[in-house]
Structures are given as structure tokens and as C-alpha cells.
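Participant: any chance you could fold what I've pasted below:
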Amino acid sequence: MKSVQEQQQQDIDAAIKALEERRKIELSALKDQLHETGQSLKPGNIIKSAVSDLTSNSNLKSYLLKAGVGLAIGLISKKLLKSKQKVQPENLVSRIMEKSLGKLSPTQIKLIEFAAPIIIGFIIKAISNKLKKSEDVMEMDEGY
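Facilitator: As a prediction, the model looks like this:
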């Protein structure tokens with residue numbers, strides 16, 4: 001009968017050792033995870049991950065590019081329309097803008113200031129949609 005008790009005691013001791021070893025491994029993994037979490041919460045790493053998320057998302061990149069182009073065009077058109085100085089035009093576009101805008105009423109100029117960025121945004125969106133469709137067609141052709 002002692003041999004059964006001794007066997008049970010040995011089994012219990014082995015189970016305790018296995019649990020202690022498992023506890024050490026899990027504690028080590030928990031410490032590693034805590035260290036990684038601490039590293040990822042540093043301000044520099046947060047900024048890096050945000051930038052990498054932004055650059056990896058192609059839809060967001062195209063949206064930001066469109067928004068930037070629209071904003072730049074809006075600012076340029078507003079600056080051209082608000083310009084009251086009589087500057088000697090150096091190129092054809094500025095001459096045309098000056099002559100055409102000189103004949104407009106202030107209400108029409110304000111309407112153009114408001115509508116130009118929106119219209120240009122629609123044009124850019126239409127061009128990008130067309131490019132995207134042509135890229136999709138090319139990808140489908142390459143797949144066959």
C-alpha cells in the first residue's frame with residue numbers, strides 16, 4: 001500500500017514542478033508583454049505607428065492628397081480673387097484670370113470663391129475614379 005501512496009506523492013510532486021515551471025514561463029511572457037506595451041506607449045512610437053497606419057491605408061492617402069490639392073487650389077483662387085494690386089501679369093493664365101474676373105460683380109466673385117474648390121474637388125474625384133477603374137481593369141487583365 002505504501003507503494004501506491006509513494007506513487008501518488010511522486011505524481012503530485014511532478015505536477016507541482018510542472019505548474020511551477022508553467023508559472024515561470026507565463027510570468028516571463030507577461031513581463032515581455034508589459035515591456036512591449038510600455039515601448040508602444042512612448043510618444044515617439046505612437047507617432048510612428050500612426051504615420052505607418054496612415055501611409056499603409058491607400059484610401060486615406062488619396063483622400064488626404066485630394067483634400068490637400070483642393071485646399072491649395074482654394075487658397076490660390078481666393079488669393080487671386082482677393083488680390084487688389086495691379087500686378088503686371090507674367091503668363092497667359094494670370095492675364096486671362098485678371099481680364100475675366102475684372103468683368104464680374106462682387107457677388108459673382110464670391111460665388112466663384114465658394115464653388116471653385118468644390119468643383120475642382122469633383123473633377124479630381126472623377127479623375128481618380130477613372131484611374132482606379134482603369135487600374136482595376138488592368139489587374140483583371142493580368143490575372144487571366
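Participant: just give me the neighbour total for residue 48.
Facilitator: Residues within reach of residue 48, counting by other Cβ atoms under 10 Å, total 12. To be clear about C-beta, it is placed using only N, CA and C from the backbone, and glycine gets the same treatment.
Participant: for the strand or helix carrying residue 68, packing partners?
Facilitator: If you go by DSSP states H and E, residue 68 is part of helix 58-82. For helix 58-82, the elements it packs on are helix 43-56, helix 92-102, helix 106-143, judged by 3 or more Cβ pairs under 8 Å, 6 or more residues apart in numbering; DSSP states H and E.
Participant: among those, which gets the worst mean confidence?
Facilitator: Mean pLDDT is lowest for helix 92-102 among the helices and strands packed on helix 58-82, at a mean of 63.
Participant: and this structure, what are its domains?
Facilitator: 2-47, 58-143 (automatic domain parsing).
Participant: what is whichever strand or helix holds residue 29 packed up against?
Facilitator: Counting by DSSP H and E, the element that carries residue 29 is helix 2-40. Judged by 3+ Cβ pairs under 8 Å, 6+ apart, the packing partners of helix 2-40 are helix 43-56.
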